[in-house]
Structure formats: structure tokens, C-alpha cells
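*Asks:* Show me how the following folds:
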Amino acid sequence: MRDIGANGNVIMIGRDIGTVVLPQADIKFYITASAEERANRRYAEHQRNGVESDYAEILASIKARDNADMNREVAPLKAADDAHIIDSSDLGIAEVVAEMRHLIAQQNGSNKS
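*Replies:* Numbering: from 1, shown residues only. Have a look, this model is predicted:
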């Protein structure tokens with residue numbers, strides 16, 4: 001992944017891209033949402049796909065994974081110091097993308113969104 005990112009002009013997604021894999025990236029986003037909203041989204045996805053699931057179990061699993069990732073000794077889950085934090089709890093995909101485009105344009109010295 002580092003080799004791919006070395007040439008620039010790449011978008012990478014992962015829980016430690018901005019802090020471990022590509023800490024020198026020109027722009028970083030840390031997209032988050034409440035555990036409850038992520039559980040709602042996962043539960044709705046399961047419902048759409050006909051997968052039986054339990055909201056409480058999904059929520060517990062998300063919270064457990066977050067806790068494990070945030071407290072692991074190597075590369076704990078956290079936003080990079082220079083990351084733009086976007087809370088998507090109350091945003092749709094289009095709104096998140098619009099915010100990212102706005103922040104990129106701002107960083108590049110443009111008023112375009």
C-alpha cells in the first residue's frame with residue numbers, strides 16, 4: 001500500500017491509512033459516525049439483503065471492535081493530527097462527498113466545491 005501511495009494521486013480507505021500507512025498524505029479524512037448510527041446502517045443493510053440479524057448484537061459488535069481497535073498496542077485507531085474529521089451520523093453519502101470536495105478545494109486554494 002505504501003508503494004502504491006508513493007506516487008500520489010491515490011485514494012485509500014482503511015483504519016490506519018492516515019496514521020501508519022501514508023502519514024505524509026496531502027489530505028486526510030477521518031469519517032466517523034456514532035456506534036448507534038453505524039449499527040442502524042448495518043442492520044438496514046442486512047434487512048435489504050435478507051440477512052437475519054439483531055440490532056443489539058450488531059451494536060455490541062461495533063462497540064467491541066472500536067474498543068479493540070482504539071486500544072491495541074500497534075497502530076491504534078485514531079484520527080491523524082492533521083485529518084479533517086467528518087461526522088457522518090446525520091449525513092448521507094452525497095453530503096459526505098460534498099464536504100470532502102469542499103475541504104479539498106479549500107486546501108488547494110480554490111473557492112469551488
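*Asks:* and the next element down the chain from the lengthiest helix in the chain?
*Replies:* Counting residues, the longest helix found in the chain (DSSP state H) is helix 55-71. Note on helix 55-71: by DSSP states H and E, the next helix or strand toward the C-terminus is strand 84-87.
*Asks:* Show residues contacting stretch 60-76.
*Replies:* 15, 16, 19, 20, 35, 38, 39, 42, 77, 78 (CB atoms under 8 Å, 6 or more residues apart in numbering). Where C-beta positions appear, they are placed from N, C-alpha and C, glycine not excepted.
*Asks:* Stretch 44-51 now?
*Replies:* So stretch 44-51 is contacted by 52, 53, 58 (CB under 8 Å, 6+ apart).
*Asks:* name the element the first one belongs to?
*Replies:* Which is residue 52. If you go by DSSP H and E, residue 52 is not part of any helix or strand.
*Asks:* give me every residue that touches it.
*Replies:* residue 46.
*Asks:* for the second one, same thing?
*Replies:* In this structure, residue 53 makes contact with 42, 43, 46, 47, judged by CB under 8 Å, 6+ apart.
*Asks:* quick one: it and residue 44, what's the gap?
*Replies:* Remark: distance between residue 53 and residue 44 (CB to CB, to the nearest Å) = 10 Å.
*Asks:* Quick one: low-confidence residue ranges for this protein.
*Replies:* Scanning the chain with the threshold set as pLDDT under 70 gives 110-113.
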